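> Make a model of this:
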Amino acid sequence: MIDWDDVRYFLAAARGGSVRAAAERLGVYHSTVLRRIAQLEERLGAQMFEKLPSGYRLTAAGEEVLELANQMEASSHQLETRVFGRDQSARGLLRVTVPPFLAPHLLMPDLADFARMHPDIEMEILTTGEVANLTNREADVAIRIVADRKTLPLNLHGLKGPEVFSGVYMSRDRLAALRAGTPDPLRWIVIDDHGIPDWAREGEVHAIGAPFRTPDAETQIIAAQQGIGMTKLPCFVGDIDPLLVRVPGANLPMHGTLWVLTQGETRKTKRVRLFTEFVSRRLAAYAPLIAGLSVTRD
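As a prediction, the model looks like this:
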């Protein structure tokens, strides 16, 4: 019989285009991937890949195996989720993925409440900007900011939450200093490769000079607190920070709507149902803060 683990390694190499990419994706050594693929080739009596300077290319036999391997993977995931869906005990592992700011700056007290209420549920909170694949069981629950509900896969079940707005924030002390006539320039603090937006160069308070970049969300907040410049933050982050203030004249753009998402049979488990119902109620209570309506700043 074909070893499903060997097929997993084959799939990772086929999708990544190299043994190195497969090893990084699976978190194993390069040699492990080679050994697993060799076992599969020996079992099937056919070569799966042609090694080229640019990477690995599937042979004709490999193309045929890839189609069947994808079907095996889908069946494996379906089997897992169906069995998981029959688990009605309030215990076991619960994996939840949330946007970067949401857990540390809004939901952590609520997550602590849930953990105290259900001590037998092992919680794993994945704070990431990456979109987890619920079908592949990368997470059991995903809290996502969604611009358009129609873009979500049809197999996901969603509970709609509040609309998410952001504002432009800077140090409260720095704003007071600017109004007192301090000439130091303000930088635009960003976490991506974009430059200063045109609208940020205009108005009573505006950014000039070179941007200040960081890939880390927490560093972005600290940079603003330290008076380096101004930056865009979710209202639920900026409005509750006593060191920050909204930049005068800046608008509040809407990013999208928070959705609590689950998939197929997974959502029928007791621990998933308990969590989704709990967190949906807590998010609804935060709606004014998330929309930027709970605090008025100068």
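> End to end on stretch 145-163, go ahead and measure it.
The separation between the terminal residues of stretch 145-163, taken as CA to CA, to the nearest Å, is 9 Å.
> Check stretch 160-179 too.
Start and end residues of stretch 160-179 are separated by 42 Å (CA to CA).
> The stretch 1-150 of the chain: helices as residue ranges?
For the stretch 1-150 of the chain, the helices defined by DSSP state H, counting those that start in this stretch occupy 4-16, 19-26, 30-44, 60-85, 102, 108-117.
> Can you tell me which of those is most buried?
With neighbours defined by mean count of other CB atoms under 10 Å, none of the helices of the stretch 1-150 of the chain is more surrounded on average than helix 102, at a mean of 22. C-beta coordinates here come from the backbone N, C-alpha and C atoms, glycine included.
> contacting residues around that helix?
Contacts of helix 102 from elsewhere in the structure, counted by CB atoms under 8 Å, 6 or more residues apart in numbering, are 127, 143.
> and it, what's its mean pLDDT?
This predicted structure assigns helix 102 an average pLDDT of 91.
> next one: it to chain centre, how far?
Averaged C-alpha coordinates place helix 102 at 10 Å from its chain's average position (CA atoms, centre = their mean, to the nearest Å).
> try stretch 233-242
Averaging C-alpha coordinates over stretch 233-242 and over its chain gives two centres that are 20 Å apart (CA atoms, centre = their mean).
> And for stretch 162-175?
Stretch 162-175 has its average C-alpha position 22 Å from the chain's average C-alpha position, going by CA atoms, centre = their mean.
> how far does stretch 14-29 stretch from start to finish?
Counting by CA to CA, you get 17 Å between the two ends of stretch 14-29.
> I'd like the average pLDDT over it.
Summarised as a single mean, pLDDT over stretch 14-29 is 85.
> For that stretch, which outside residues touch it?
The contact list for stretch 14-29, computed with CB under 8 Å, 6+ apart, reads 8-9, 12-13, 30, 32-34, 37, 48-49, 55-56, 58, 62, 66, 69.
> I am finished for the moment; much appreciated.
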